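Asks: Need the 3D shape of this:
(2 chains)
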2 protein chains.
Amino acid sequence: MSEYLPPLRDMEFVLAELAGMERLAALPGFEEATPELVSSVLAEAGRIAEEVLSPLNRIGDRQGARLADGKVRTADGWDHAYRALVEGTWIGLANESRWGGMGLPCLVGTAVIEMWQSANMAFALCPMLTQGAANAIEACGSEEQKALYLPKLVSGEWTGTMNLTEASAGSDLGAIRTKAVRDGDSWRITGQKIFITYGDHELTENIVHLVLARTPDAPAGVKGISLFIVPKFLVNPDGSLGVRNDVACVSLEHKLGIHGSPTAVMSFGDHGGALGTLVGEENRGLEYMFVMMNHARLNVGVQGLAIAERAYQQALGYARERVQGRPAGQAQATPIVEHPDVRRILMSMKARIEAMRALAYVEAAELDRAHHHPDPAERAAALRHAEFLNPVVKGWCTEQGVDIASLGVQVHGGMGYVEETGAAQHYRDSRITPIYEGTTAIQANDLVNRKILRDKGATAHAVLVEAEALAGELSGSGDLRITAIGHALAEGIDAARRGVDWVLAAAAGGDARLPAGAAVPLLDLLGVVLGGHQMARAARAAAARLAAGAADDGFLDAKIATAWHYAETILPRAGALAVAIAGGTPTVMAVPADLL
Amino acid sequence: MSEYLPPLRDMEFVLAELAGMERLAALPGFEEATPELVSSVLAEAGRIAEEVLSPLNRIGDRQGARLADGKVRTADGWDHAYRALVEGTWIGLANESRWGGMGLPCLVGTAVIEMWQSANMAFALCPMLTQGAANAIEACGSEEQKALYLPKLVSGEWTGTMNLTEASAGSDLGAIRTKAVRDGDSWRITGQKIFITYGDHELTENIVHLVLARTPDAPAGVKGISLFIVPKFLVNPDGSLGVRNDVACVSLEHKLGIHGSPTAVMSFGDHGGALGTLVGEENRGLEYMFVMMNHARLNVGVQGLAIAERAYQQALGYARERVQGRPAGQAQATPIVEHPDVRRILMSMKARIEAMRALAYVEAAELDRAHHHPDPAERAAALRHAEFLNPVVKGWCTEQGVDIASLGVQVHGGMGYVEETGAAQHYRDSRITPIYEGTTAIQANDLVNRKILRDKGATAHAVLVEAEALAGELSGSGDLRITAIGHALAEGIDAARRGVDWVLAAAAGGDARLPAGAAVPLLDLLGVVLGGHQMARAARAAAARLAAGAADDGFLDAKIATAWHYAETILPRAGALAVAIAGGTPTVMAVPADLL
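Replies: Model (predicted):
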């Protein structure tokens, strides 16, 4: 079976042509990010993905993480792989150098994360969560907290977790019951958290838990939640480890996939209260979490892309090797990659993967601009764009990832259903991505309420206007494929407008159930169209390179052909979704719940 | 967690209103099938599904089937459940009474199969395969073979298997290498078969293998394959068991799902050759298999429906119990079934399940008419319709089943990813259905080549003309929901015509890769539209009952609302698929295989 090969060629194309890497590198703070350094970082990260992480992917699936004698053991080789990340300062790739990071753009970090997630999603969650914890402390912690925790998290000497969910508080964090009571300079935390990724393990000597809890007399709901740092081992002021804190992993979940990632039930304060320190001010915990949300959700969107890429490579490898049947129009039995329907599936996977990669990387670049551009107006515009894309990248890429992993099984036929092949693991692993870090419905809710209704559709329409200009430009091309892309994009934009405007009108009408019922189809629609916009940009860039006389080994022409496939097969879904939004939303509640 | 409840209400509605149960019961041979008997058969089958089979579903998943000391053991309780089927003559439900069967229509058998597959798909494969083997022998065997094997298979005293696939002969059965050499009145079979469902087990004292093999000097490819009966234990002329035959299960597959079903690698003839008898004539094996194909594929399509129904019930049960968040437009936290997006998912599941049930049952009824109608022209017309529907029911219902099982996981949020919940099992189990008994591509190939191109689209267009008449009738209704259904159906039919006509034109153009590349999207399109046609018929029937003054507890009105939801959210996909067929097919091969 084929192992993972980093798609560096496409990554570098997207960085250069779609995400504006060159302009990013010119921003203050990114002086290090020269083209040479970025290329060598990607190549080396790809080597680690291919040679260190990927070979452990199936071992992790088979062995899983195990809890025994109060300790959580990860799969064979996990510790070695983790040390490789620490030794290369990989976890702090995008952190500031004063905390020991490399200070590279989030865009580069996103490409690196994609490769690690493709290679071994269950493993790569550990550094991903650690980066998230570091970013939260960097953004919201006190100087003392930063000094105490950041160097250890950025280096990877310790790992980090996010402790949000409770049995009765999943999508609704306002229902959290974990308590925090002041005890001198510290707080005593008691409560149980579930679904804590890498909640416990033996990879590092300490684990830094970020915990949402409620202080006495806090207001009800989401406005009464505070954020605490609760280390597994208390940390002395000099950074050395103190005694074990009152926090324990009481069980691990038996999950559909990502078996190698320990998903813990964590108990805080069984023996008097786990000691923690408050991050920022009381009752602002959810706000601090939202600071992190863009990166965290982007990263999960990238997981959708990454598992799709891995499933694609697996299916393509099988399709090239497996000889079966005589395809239509051919005289001999051939590898199944020559069968039109197998090719159709592979093209559909490839086209959507490239669209997802472009969309996710563009969001990452916008986040970099939002933090590093010297002009406040540019920063604000970049943040608006990134925040608009954020739920789409998270929601759409993860839903596509599940579908693409399923197609990967299908390409294998019966062999895809046998676990030894590996295709089934991607199908199982992918299924968590539209759920955690906010389900697709939560993303769609964010998209509709915060990103569309709040500014009366201004950002959405601005994004569509920009795409429309490109569609018009392409429609006049001499290459019939590019003309077709322009026409299909224009129709997609038209459908997106109808969808957005319907939701705006429905919200104005006062029945809040209507925009809520249309939210996921609208997210899907915008994913289809914005992905199509990126593919159209990619086709234009490839055509421009060719027109400028670039030597092409087929990559640039294939990029145009892939964008054409996307335009003719994926973009038409936008029209169906617009109809379903307008006509279908009123039917959503048409059957009473007791008659379902 | 909710267990399975047989959806008898909807089944009886479909039988009566859409599949023409009353007219079927009037056909010669079906005199037994009175409304009272059919109702009591369904109720009793439902009781077995609910009380006997469903409680074993998770046990089978966890324990799986195991091979030890040369014996295959099924999960705890499997033997008890199997005996319950034997004691009720359930396996021979649709077989002739002279072999011990009940002589009921395939339509009733289909409803029974649906319930068993919903309750426990891994278990229900065993009687399903046994019925298939019995039907093959009934249709193609000699009188001696029938007398020897049929009573035992029909009673369930022995089980049956289908041995088709080999390591290098999956979708392409022409590549089969298993050999059969004449030895007196018998044949000696040698070769290895893979993916043999219930290839070995201890549930019965004998197993009847139907084996495809090649005789010496047989023509190459599919025209040189013969069919043999190869029992696990040889059968003496008086029906008593003789010595063990030279056939053995050498291993079981470790699969993504249906763990309770042993999927065996079977070795024939390791010690000189397994003894078998030829069915019919040499080199006509594949033709005999095709006799079985309609029923076998219908049954797998029903598995897609069945797993979708189970996943729906599971998700609905969870959505009614799980309290989380305040839905848009409500003041209090409520069960998540009140959240518009959860309701949208449930409605989408429900609408497609009802469409699948109608489509599958209509095909079953047509197969009954094709075998029992006294008028040869009616028989031929019914067979044509059934054969047209066959690949659509198999391909579309199984693909929908996978999607619906995935939505079932999504409704559960994080709990869906935990195996204990049960939603994940449906997601894993469902994934085999678009693969075995011919992948979706194989179904689509059958649809395009045998069911559309062969008669130049005559059957396809006749089916669409009938649907169009209904669309016109509904468009004039006074109920706005029904008017909307009529309009949406008319647009769907229009899209279906464009798809069919494009494929006809492409085939006439001579590039065989074009119809092959368009085949799966066309199957999907026809599934969407023919499912929509059935839902429109259902809405008309419900409205007619209401207009006739039928007492309604909400079921009939919900049926209309569900058809409306289907029309507004699922039918619009037809237009997108028609565009993808016409514009997208030429892009399928646009990137050379080495540049994928």
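Asks: if I pick whichever residue of the stretch 101-250 of chain A sits closest to chain B, what's in contact with it?
Replies: Relative to chain B, the nearest point of the stretch 101-250 of chain A is residue A:172 (3.9 Å; C-beta to the nearest C-beta). For glycine as for every other residue, the C-beta is placed from the backbone atoms N, C-alpha and C. Applying C-beta atoms under 8 Å, 6 or more residues apart in numbering or on different chains, we find residue A:172 in contact with B:324, B:325, B:326, B:333.
Asks: what about 6 Å?
Replies: Contact analysis of residue A:172 by C-beta atoms under 6 Å, 6 or more residues apart in numbering or on different chains lists B:324, B:325.
Asks: Tell me how many other residues surround residue A:223.
Replies: 13 (other C-beta atoms under 10 Å in any protein chain shown).
Asks: For it, give me phi and psi.
Replies: phi -90, psi 0 (degrees, to the nearest 10).
Asks: Return the residues in contact with it.
Replies: Residue A:223 makes contact with no residue under the criterion C-beta under 6 Å, 6+ apart.
Asks: Any figure for the gap between it and residue B:473?
Replies: Counting by C-beta to C-beta, to the nearest Å, the separation of residue A:223 from residue B:473 is 56 Å.
Asks: now residue A:193
Replies: Distance, residue A:193 to residue B:473, by C-beta to C-beta: 58 Å.
Asks: more crowded one of those two?
Replies: Taking other C-beta under 10 Å, residue A:193 and residue B:473 do not tie; residue A:193 has more neighbours (27 against 13).
Asks: sec struct for residue A:94, please.
Replies: coil (DSSP: H, G, I helix; E, B strand; the rest coil).
Asks: Once you drop chain neighbours, what's closest to it?
Replies: Closest residue to residue A:94 apart from its sequence neighbours, by C-beta to C-beta, 6 or more residues apart in numbering or on different chains: residue A:109 at 3.9 Å.
Asks: Could you count how many residues lie near that neighbour?
Replies: Residue A:109 has 26 neighbours, counted by other C-beta under 10 Å.
Asks: Model confidence score at it, please.
Replies: Residue A:109 carries a pLDDT value of 97.
Asks: Now do the residue lying farthest from the centre of chain A against residue B:144, distance only.
Replies: Residue farthest from the centre of chain A, counting by C-alpha atoms, centre = their mean, is residue A:331 at 44.6 Å. Residue A:331 sits 43 Å away from residue B:144, going by C-beta to C-beta.
Asks: can you check residue A:101 too?
Replies: Using C-beta to C-beta, one gets 81 Å for the distance from residue A:101 to residue B:144.
Asks: neighbour-wise, which of these two wins?
Replies: Legend: neighbour count by other C-beta under 10 Å for residue A:101 and residue B:144, higher for residue A:101 (22 against 10).
Asks: Helix, strand, or coil at that one?
Replies: Residue A:101 is classified as coil under three-state DSSP.
Asks: where's it relative to residue A:436, distance?
Replies: 25 Å.
Asks: Could you do residue A:33 as well?
Replies: Applying C-beta to C-beta, the value for residue A:33 to residue A:436 is 30 Å.
Asks: so how many other residues sit close to the closest residue to residue A:48 other than its chain neighbours?
Replies: Computed as C-beta to C-beta, 6+ apart, the closest residue to residue A:48 that is not its neighbour in sequence is residue A:84, at 6.0 Å. For residue A:84, the count of nearby residues is 14 (other C-beta under 10 Å).
Asks: that's a helix at residue A:84, yeah?
Replies: Yes - counting by three-state DSSP, residue A:84 is found in a helix.
Asks: Now do the phi/psi pair for the residue farthest from the centre of chain A.
Replies: phi -90, psi -20.
Asks: Residue A:234: which element?
Replies: strand A:233-235 (DSSP states H and E).
Asks: in that strand, what counts as buried?
Replies: Neighbour-count burial for strand A:233-235 flags A:233, A:234, A:235 (criterion: 16 or more other C-beta atoms under 10 Å in any protein chain shown).
Asks: just the strands in the stretch 151-300 of chain A please.
Replies: Applying DSSP state E, counting those that start in this stretch to the stretch 151-300 of chain A gives strands spanning A:159-163, A:179-183, A:186-197, A:207-213, A:226-231, A:233-235, A:241-244, A:247-252, A:263-268, A:274-279.
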